[in-house]
Structure formats: structure tokens, C-alpha cells
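J.: any chance you can model this:
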Amino acid sequence: MRILLVEDDPLISKSLEKHLCEHHYVVEVAADGQVGWEMVTAFTYDLILLDVNLPGLDGIQFCQQLRANHNETPVLLLTARSSNTDKVLGLDAGADDYVVKPFELSELLARIRVLLRRGKACQPVTLKWLNLKLDPSICEVTYGDRVLHLTPKEYRLLELFLRNQHRVFSRSAILDHLWSSEEAPSEEAVTVHIKDLRQKLKKAGAPSNLIETVYGQGYRLKQAAPSSSKPATRTPQSQPAIHQQTKENLTTVWETYQELSRDRLLILERAAAEWLENRLKQEQCQKAQEAAHKLTGALGIFGFTEASQVAKEIEEIFQAGGVLNQKKALHLAGLLTRLREVMEQPKAQTSNGQGVIGNGHRVVGLKRSSGEQSM
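T.: Predicted coordinates:
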């Protein structure tokens with residue numbers, strides 16, 4: 001399945017891209033609404049993940065323009081705005097669903113699966129072909145009682161055949177479905193992946209020609225039933241490998257983009273200092289709101305849920321404006337101190353080894369001190 005992710009925050013986009021690729025989706029990323037629009041007019045996608053707060057063409061305008069051009073690709077909005085008015089606005093613009101930042105990865109994946117299933121109600125959740133089974137919910141492939149360990153491309157290739165069981169796919173069509181526009185391999189890559197997939201199927205007990213060649217046309221699942229296979233049985237598969245990979249990817253992304261989060265914190269600290277001296281300009285205040293807004297969503301990706309809420313509170317303080325009296329200044333300083341503690345965390349927070357977007361973890365050092373007053 002091919003997904004277009006339109007998100008201007010590299011911290012969020014890179015994390016989501018890694019998560020989705022781990023779950024065998026082909027992901028292309030656009031850093032702003034206009035680039036996303038150009039991509040969606042040039043290529044076909046199964047789903048669009050769309051941030052609302054985008055430079056240039058924002059998410060609401062993107063949706064309206066998409067539907068005005070009779071493009072019915074499912075759209076899942078990513079928004080930090082939780083009010084009913086904002087949700088209704090997005091749905092009325094043509095979005096199919098939304099999630100509010102920070103959100104749990106499991107919820108996002110579930111909503112993606114629901115949208116991809118819409119219009120395909122007759123399609124089983126578990127894809128089957130004779131003794132071959134593919135369970136998209138846990139990314140597991142079995143033949144009889146044997147679990148197949150496939151690469152992401154091999155998994156997507158097999159899923160493509162199982163979702164279109166009587167269709168013949170040419171090599172160019174397979175390239176269009178499984179590779180992003182940036183990768184652009186030759187058709188020989190398809191031949192290599194077909195060969196490797198056939199070998200793994202054969203080792204599991206499947207006929208060597210379960211994926212058959214239709215000469216002059218391409219490939220498809222063999223239409224005749226194999227005769228020597230055992231009845232299919234369900235072999236439970238644990239998730240530690242996927243969870244460990246997610247954990248490692250979260251840590252890598254956090255370490256790579258940690259400096260970006262620190263830069264945003266610096267914007268907030270400088271704006272607070274200027275505000276305290278009654279020198280805060282409207283432009284600087286707006287930049288502070290944007291920095292806090294992005295931190296709200298990004299920190300949630302790495303499990304810093306309370307820190308995400310702190311960033312949201314800081315955003316609301318700058319939005320409210322007014323006079324920064326001593327009480328308000330002390331409260332703002334306390335919030336900024338908590339965020340700085342999070343910026344120094346060397347690793348992303350995880351729960352039971354699973355990658356989480358806003359998982360409810362509390363971060364050490366973020367508890368409100370007994371002497372601090374709340375707004």
C-alpha cells in the first residue's frame with residue numbers, strides 16, 4: 001500500500017516514515033502542502049496522511065482542492081487542534097478521519113487500516129491463497145504451519161498478489177505499486193525479488209511455481225491448487241523483533257533531530273526573556289507559538305507525553321499575550337525548565353519496547369514542584 005505523508009516537521013515526518021515502513025507501507029514524504037499537491041497529481045496513492053498546519057497550502061485547503069478535483073483518495077488528518085469546531089472543519093473539507101497530536105502509533109495504524117479497507121468490505125482481513133496466509137494486522141506470513149521471514153519488499157510483493165489474486169502484474173506495474181518515485185529501480189529488481197520470494201516459499205513447502213510467470217505479460221498466483229501441502233494452521237508470532245526495531249529507530253531519529261527541538265526551545269526562551277522586558281514583538285511572539293506548537297506534536301512521538309502537554313500550555317500562554325506579571329513569568333519559566341530537561345534526554349521514551357506516539361509515559365524531572373503555582 002502506498003501512502004503520501006504531507007508533514008513539514010522533519011522530526012515527525014521521519015519518525016512516521018520509519019514506523020510505517022516497518023509495517024510494510026510504501027511511504028513518500030512532502031514537506032509542504034504545495035509539494036504534496038504536485039505529488040498527488042503526478043502519482044496514485046492508497047492513502048494521504050495530511051498535517052493541518054502546513055506552510056503555503058494548508059491541510060484544509062489541500063483537502064478542499066483534492067475533492068474539488070474529484071480525487072477520492074482517503075485522507076487522514078494529523079492535527080494538534082482538538083476542538084470540535086476544528087474537527088468538523090476538517091471533515092467538511094473532505095477528510096475521512098483525523099487523529100489529534102500527540103497520538104498512539106497503534107491508533108494511527110488502526111485508523112489507516114480502517115480507511116484502506118473502506119470500499120473493500122468483501123475482502124477478508126487475513127489474506128489467503130490455498131495454504132498461504134498473510135495477516136496484515138501483525139505482518140505475518142505463513143505457509144501451512146511454517147512462518148516465512150520476508151524482507152519488506154518481499155512482503156509487499158506477496159501482499160500485492162494476495163490482494164489481487166487473479167490479476168497478472170507486469171514488472172512495470174509492480175514497480176509502480178512497490179517502489180517510491182525517488183527509488184526508481186530497473187525492472188530487473190522485480191525479477192530478483194520474485195526469484196527470492198519463490199525460493200522462500202519453496203523452502204516453506206510451497207510449489208516452486210506458486211508465483212507463476214505468464215509469458216509476455218508478467219506474474220500472478222498460480223491458479224491450480226497445489227496437492228502436497230499440509231492444512232494451514234495458525235502459528236502465533238511474537239512482536240519483539242518489530243518492537244526492538246521501532247525502539248532503535250525512535251532513538252536514532254531523536255538523536256538526529258534533538259538539536260532541532262533544542263533550537264525551538266531556544267526560540268521560546270528568548271521570546272520569554274523579551275516578554276519579561278516588555279520588548280516582545282508580534283513576529284517573535286508568533287514564532288514562539290509556532291515553535292511550541294511543533295514541540296507539542298514532536299515530543300509526543302517519542303513518548304514525552306507530559307512534556308508535550310507542557311509545550312501546549314506554553315503555546316496557549318503566548319497566544320493569550322497580555323502583561324507578563326511575576327506570577328505568570330515564574331510559571332512560564334518553570335515550564336521552560338521542564339522542557340529543557342526533556343531536550344537533554346539521550347533517548348526516546350518507549351513502552352514495553354514498542355514505539356509510541358504519545359503513550360502516557362511520565363518523564364523524570366517533569367513533575368510539578370510543590371511550590372509552583374498553576375495558571
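J.: what segments of the stretch 201-350 of the chain are helices?
T.: Using DSSP state H, counting those that start in this stretch, the helices found in the stretch 201-350 of the chain span residues 240-276, 282-301, 305-320, 326-343.
J.: in the shortest one, what's buried?
T.: Judged by neighbour count using 16 or more other CB atoms under 10 Å, the buried positions of helix 305-320 are 305-315, 317-318. All C-beta spots, glycine's among them, are computed from the backbone N, C-alpha and C.
J.: can you check stretch 289-305 too?
T.: Of all the residues in stretch 289-305, those buried under the rule 16+ other CB under 10 Å are 289, 291-305.
J.: again with stretch 266-279
T.: By neighbour count with 16+ other CB under 10 Å, stretch 266-279 contains the buried residues 267-269, 271-272, 274-275.
J.: nearest to residue 281 among those residues?
T.: Of all these, residue 274 has the smallest distance to residue 281: 7.5 Å, by CB to CB.
J.: and the closest one, how far is that from residue 333?
T.: Remark: distance between residue 274 and residue 333 (CB to CB, to the nearest Å) = 14 Å.
J.: could you do residue 202 as well?
T.: Residue 202 sits 66 Å away from residue 333, taking CB to CB as the criterion.
J.: low-confidence stretches in this protein?
T.: Applying pLDDT under 70 to the chain flags the ranges 82-83, 119-124, 181-184, 224-251, 345-375.
J.: tell me where this structure has strands.
T.: Along the chain, the stretches classed as strands by DSSP state E are 2-6, 26-30, 47-51, 75-79, 97-100, 127-129, 132-135, 140-143, 146-148, 211-214, 218-221.
J.: tabulate those (CSV), appending distance to residue 341 and mean neighbour count.
T.: Converted to CSV, the strands of the chain look like this (distance: least, CB to CB, whole Å; neighbours: other CB atoms under 10 Å):
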stretch, distance to residue 341, mean neighbour count
strand 2-6, 30, 23
strand 26-30, 30, 20
strand 47-51, 27, 26
strand 75-79, 27, 24
strand 97-100, 25, 18
strand 127-129, 47, 16
strand 132-135, 41, 20
strand 140-143, 40, 22
strand 146-148, 43, 18
strand 211-214, 54, 15
strand 218-221, 55, 19
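J.: pretty sure residue 62 contacts residue 35?
T.: No - using CB atoms under 8 Å, residue 62 is not in contact with residue 35, being 10.8 Å away.
J.: who's more crowded, those two?
T.: Per other CB atoms under 10 Å, whichever of residue 62 and residue 35 has more neighbours is residue 62, with 29 against 16.
J.: give me every residue that touches the more buried one.
T.: By CB atoms under 8 Å, 6 or more residues apart in numbering, the residues touching residue 62 are 6, 33, 36-37, 50, 54.
J.: what do you get for residue 11?
T.: Under the criterion of CB under 8 Å, 6+ apart, the neighbours of residue 11 are 253, 257, 260-261, 294, 298, 301.
J.: and if you look at residue 71?
T.: Contacts for residue 71 (CB under 8 Å, 6+ apart) come out as residue 40.
J.: distance of it relative to residue 278?
T.: The span separating residue 71 from residue 278 equals 50 Å under the rule CB to CB.
J.: next: residue 92.
T.: According to CB to CB, residue 92 stands 42 Å off from residue 278.
J.: cool, residue 257 as well?
T.: Look at residue 257 and residue 278: by CB to CB, they are 34 Å apart.
J.: again with residue 331
T.: Separation of residue 331 from residue 278 (CB to CB) stands at 18 Å.
J.: pretty sure residue 125 is touching residue 136, no?
T.: Yes - counting by CB under 8 Å, residue 125 does reach residue 136; the two are 7.2 Å apart.
J.: those two: which has the busier surroundings?
T.: residue 136 (19 against 9).
J.: could you pull up phi and psi at that one?
T.: Residue 136 adopts backbone torsions of phi -60, psi -30, taken as degrees, to the nearest 10.
J.: so what's the closest residue to residue 59 other than its chain neighbours up against?
T.: Distance criterion CB to CB, 6 or more residues apart in numbering; nearest residue to residue 59, sequence neighbours excluded, is residue 52 at 3.8 Å. For residue 52, the contacting residues are 58-60, 77-81, 86, 90, taking CB under 8 Å, 6+ apart as the criterion.
J.: tell me the spacing between residue 52 and residue 91.
T.: Counting by CB to CB, the separation of residue 52 from residue 91 is 12 Å.
J.: hmm, back to that, would you convert the strands of the chain into CSV that also reports distance to residue 162?
T.: Conversion of those to CSV gives the following (distance: least, CB to CB, whole Å):
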stretch, distance to residue 162
strand 2-6, 16
strand 26-30, 16
strand 47-51, 19
strand 75-79, 24
strand 97-100, 25
strand 127-129, 4
strand 132-135, 5
strand 140-143, 9
strand 146-148, 12
strand 211-214, 11
strand 218-221, 7
